[in-house]
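[1] Structure for the following, please:
(3 chains)
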Amino acid sequence: MISVRDIHKSFGKREVLKGVTFEMGRGETVALMGANGAGKSTLFDILSSLDPRFSGSAVVGGFDVRTQPMDVKGAVGYVPGRFSLYEDLSVKENLVFFAKAFGCNPDDIHSLSPYLWKSLEPFSDIRAGHLSGGMKQKLAICCAMVHNPSVLLLDEPTVGVDPVSRSDMWKEIAALRKTGVSVLVSTHYLDEAGKADRILFLHQGVMMLYDSPEGILRSYRHNLYSLPCESTRFPEVEAELSARRGVIDLYLYGDKVHVITDESFEPLPVTGRELTRIQPEMEDIFIETLSSRL
Amino acid sequence: MQGKFYMTGAVIWKEFRHIFRDRVSCLILFLMPVAILFILGYALSFEVRHLNIAVCNPLHSQRAESLFVRLDANNRVKVTGRIDTTADIDKAFARDNNRAVLVWGEKEIEIFVDGTSALLGDNVYNCVGAIVADFITDGMPPSVRKPAITTRFLYNPALKKEYMPIPGLVMMIFIIVSAIVFGTAVNREKIQGSYKLLRMTKLSPLELIAGKALPYFLISLVHVFAVWLSCLWFGIQIVGNLALFLSITALFSISCMSLGLMLAAWLDRPVDLLILSFILIFLPNMLLSGFLFPVSSITGFFGAVIHSFPGTAYMSVFRDVAYKGLGVYDAWPSIAVLFGNIVAGVLIALPGLNKRVALR
Amino acid sequence: MNLAEINNVSKTFPPVKAVRGVSFSLGEGEVMGLLGANGAGKTTLIRMICSLIPPDSGTVWTAGRPGYMCQSFSLVEELSVHENIRYYGTLMGLSRNELARREEEITERLNLVQYRGTPVRALSSGYRQGLSFSVAVIADPKVLILDEPTSGLDAVARRKMWKMIHERASMGTGIIVSTHYLDEAYYCSSLSLLREGQLIARGTPKEVAPDEQSLLRYFR
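    Residues are numbered from 1 along each chain as shown, chains lettered A, B, ... in the order given. You can find the predicted model right below:
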């Protein structure tokens, strides 16, 4: 549904996308990972046909974003970053407005995204500005889907949203996937990425990884050890481990310390605590990927 | 799939909701224009109703005294005091907020008028002059030789007669409502994510803006009506064709909107928009259109620039159509300037509306 | 010795009771995580501690003026590194000599010496992060308040931020951090959980919730 080939994009002298290439199939959910400034929103603007000034090619929903922008707009639902609705209009008024602006019948809203609408319906007369962060994002997705698009672009729907609302949001995305909608969703929460079919990792405009979560987990090139450690004792543990042979990097991970090592490392206890060899999680992979660039 | 008109209609409907739900917008759009017209317009003519004058009767003439009594009896004029010699005229102007000094001389009656405010000067001259003229015709026996009346404008001998408060105020209202408030509405939409969502519809930026603009245009029509009412209120006779005058006023409103749109399209920060609207739209139109200073004498390059302002064009239409009663053939240069502003504003705005905007 | 005492504070923005009778104290070198769902009252509580808004009832006491940093890095983008340090230092009432000393210290520690004249917006995000943290603590506040300091950062930058937080705590500063990352709860020495304006849990991370899954229940 999305086919992107070697996209480069600059704002003046600053190059924000440095060669992005990927393919995404029907009904797939792809998580676009990256910190602020990684180029995520720029990529979304290009894919939604709003920004035709780039080099490379992009085909979305079967249409070229540069030559067939009108068809792309019909096939794509786009939820831009931050809150993109009218705070002084009620939930229902927002929906009716966008349905009409997209040339659709407002009465069809309920059937277009029944799962989302179910959770929004009790609030239909409340002003959008009074909704919680999670509900606002649900409403934004609803509004972007009024024309029944086959591709959905979600730019950071979980930013500033608490952990429970975030997991709700991913349940909504999973429900959309069942209806055959392809979803490209950006986030900087790594724990969310594992819920997607594939992960695209963008770092300062460079595509670092594009693979399924399993594939990414298998790509870990070093050994990873873990030992329990309160954050206050980290300097002590760091001092002792840094002196050991085979330690590449170490960092806090919740209530533990994770140690990246090579084969020469001997897992002897540190400050009296046992080291355990563990399987890396998504976050470990990204830290390894980023450290290797340093 | 519904038609474009249906889609644009949704934008119009939404924009009206924004306006009527926001108290400040309502105040600015509806109360402020009325306030400007009536309070300011009234204040400018109010002082004339309470006109203080000083008198001087060096010859101790009885007739002069009866003129003074008649002046004081008029409810618009108050005689605040008298001076002994004409040498004290400056002192008389310095006290009691006196606007004029009347001197009954040997051969003539001299009216000295404070010309610092051209409008007031004119009014004082009309008011005092009329009473004195009346007195000469019916307050004096026919056998007596009639004295001549001479009027001297002090401090501003030329007495600029360009001063027209009502057209100027009308212009001010349209610049605020049509250019600045509309520009702010466009800007607010643009820096929100909602604008990206709107651009995902099949509406072109021009259609989107047309939808946003229509409610403001309709509201400005209400103001056009208010202009007509205020003309009645202040006794300004619309000599020419009323329909023509009101249509040109509406055209002026659209040209202000296109200027506001032009700035809003290219500027992202609301503060920048406000300040630049003030500097690039409000100030030049207010200062250089003949509202505050006479500009018709300026020729050459600067004259051409000044005459390309919609404000200048509107001021001249007001003069030509409302005051002089000229028709559409005589007012065409001004109408052309207004149309030119609309076309130029929209053409400059369009590429800016397609530009990428960093969201808040 | 306590560096901050929050005693039974409440704040209502009618009709919303944003904060209801919250009490806690912050000790020396303590890193207190402030967690809660959106709308639980975190922001209101933080703003009261910074004395940006007065509480309706209850008292807030802090040892001196707290340092504050929010997610959007409060640096002035157009100003250079040098000018930002001068600007914020002067605002905090540092003397000329003190300022010069602090600037030297900060730029050396962050390897920013050669970028002193560079506008902040031209710096990489890593440098900006370090600089904005240093600027927040330029007057050596005894209490430091960080409002979602790691929002929008990548995994490595987040850990760098926490390293700076812990360094600061080891110097005795009491720190209050709000975050939406569950794993970061365990980088704190204590946690305060808010729900609907009330303090529903207070203790060390392990006491409050032995793991991230059980921490989630406080958000429902």
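
[2] contacts and neighbour counts: CA atoms only from here.
    Fine.

[3] Can you list the buried residues in the helix or strand harbouring A:Lys118?
    Using DSSP states H and E, A:Lys118 sits in helix A:114-120. Going by neighbour count (16 or more other C-alpha atoms under 10 Å in any protein chain shown), the buried part of helix A:114-120 is A:Leu116, A:Trp117, A:Leu120.

[4] With just CA atoms, put the helix or strand following it into PDB.
    The helix or strand immediately downstream of helix A:114-120 is helix A:133-144, counting by DSSP H and E. Taking Å, rounded to 0.1, in the frame of the first residue of the first chain, the C-alpha atoms of helix A:133-144 are listed here in PDB:
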ATOM      1  CA  GLY A 133      -5.500  13.400  25.800                       C
ATOM      2  CA  GLY A 134      -6.400   9.800  24.800                       C
ATOM      3  CA  MET A 135     -10.000  10.600  23.800                       C
ATOM      4  CA  LYS A 136      -8.800  13.600  21.700                       C
ATOM      5  CA  GLN A 137      -6.500  11.300  19.700                       C
ATOM      6  CA  LYS A 138      -9.400   8.800  19.200                       C
ATOM      7  CA  LEU A 139     -11.500  11.600  17.900                       C
ATOM      8  CA  ALA A 140      -8.700  12.800  15.600                       C
ATOM      9  CA  ILE A 141      -8.400   9.300  14.100                       C
ATOM     10  CA  CYS A 142     -12.200   9.100  13.700                       C
ATOM     11  CA  CYS A 143     -12.200  12.400  11.900                       C
ATOM     12  CA  ALA A 144      -9.300  11.400   9.600                       C
END
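
[5] picking up where we left off before, JSON lines for the buried residues of helix A:114-120, including distance to B:Arg76?
    As requested, those are exported to JSON lines (distance: C-alpha to C-alpha, whole Å):
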{"residue": "A:Leu116", "distance to B:Arg76": "72"}
{"residue": "A:Trp117", "distance to B:Arg76": "70"}
{"residue": "A:Leu120", "distance to B:Arg76": "67"}
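
[6] okay, who's weakest in those residues by pLDDT?
    Least confident of those in the model: A:Leu116, at 76.

[7] residue contacts, it?
    Residues near A:Leu116 by C-alpha atoms under 8 Å, 6 or more residues apart in numbering or on different chains: A:Lys138, A:Leu139, A:Cys142, A:Glu172.

[8] And it, how far from C:Leu99?
    With distances taken as C-alpha to C-alpha, to the nearest Å, A:Leu116 is found 55 Å from C:Leu99.

[9] Skip the chain neighbours and tell me the closest residue to the residue of the stretch 151-294 of chain A found nearest chain C.
    The nearest approach of the stretch 151-294 of chain A to chain C comes at A:Gly254, 4.4 Å away (C-alpha to the nearest C-alpha). Spatial nearest neighbour of A:Gly254, excluding adjacent residues (C-alpha to C-alpha, 6 or more residues apart in numbering or on different chains): C:Asp183 at 4.4 Å.

[10] how about that neighbour, what does it touch?
    By C-alpha under 8 Å, 6+ apart, the neighbours of C:Asp183 are A:Tyr253, A:Gly254, A:Asp255, C:Glu212.

[11] Run a quick neighbour tally on residue 87.
    Picked chain A for this. For A:Glu87, the count of nearby residues is 17 (other C-alpha atoms under 10 Å in any protein chain shown).

[12] Can you look at chain C instead?
    Quick note: C:Tyr87 (other C-alpha under 10 Å) scores 16 neighbours.

[13] And A:Ser167, by the same measure?
    A:Ser167 is flanked by 17 other residues according to other C-alpha under 10 Å.

[14] Three-state assignment for it, please.
    Judged by DSSP: H, G, I helix; E, B strand; the rest coil, the three-state class of A:Ser167 is helix.

[15] Local confidence estimate at it?
    pLDDT, A:Ser167: 86.

[16] Could you do the one 10 residues further on as well?
    Reported pLDDT at A:Arg177 in the predicted model: 85.

[17] Just the element for it, please.
    Per DSSP H and E, A:Arg177 falls inside helix A:163-178.

[18] so that helix versus helix A:133-144, what angle?
    Interaxial angle of helix A:163-178 relative to helix A:133-144 (axes from the mean of the first three to the mean of the last three C-alpha atoms, to 10 degrees): 20 degrees.

[19] what's the following helix or strand after helix A:163-178?
    Heading C-terminal from helix A:163-178 (DSSP H and E), you reach strand A:182-187.

[20] gap between the helix holding A:Lys118 and the chain center?
    Centroid separation between helix A:114-120 and its chain, computed with C-alpha atoms, centre = their mean, to the nearest Å, is 22 Å.

[21] Run a quick neighbour tally on B:Asn341.
    By other C-alpha under 10 Å, the residues close to B:Asn341 number 22.

[22] hang on, I meant A:Arg233
    Neighbour count of A:Arg233, defined by other C-alpha under 10 Å: 11.

[23] measure it to C:Tyr187 for me?
    From A:Arg233 across to C:Tyr187, the span is 11 Å (C-alpha to C-alpha).

[24] Quickly list the domain ranges of chain C.
    Chain C is divided into the following domains under automatic domain parsing: C:1-66+C:144-220, C:72-140.

[25] Among the contacts of C:Asp183, the buried ones, what's the PyMOL command?
    Of those, the buried ones can be selected in PyMOL as follows, counting by 16+ other C-alpha under 10 Å:
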select buried, (chain A and resi 253+254+255) or (chain C and resi 212)
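
[26] Could you tell me which of the contacts of C:Asp183 are located in helices?
    Among the contacts of C:Asp183, DSSP state H puts C:Glu212 in helices.
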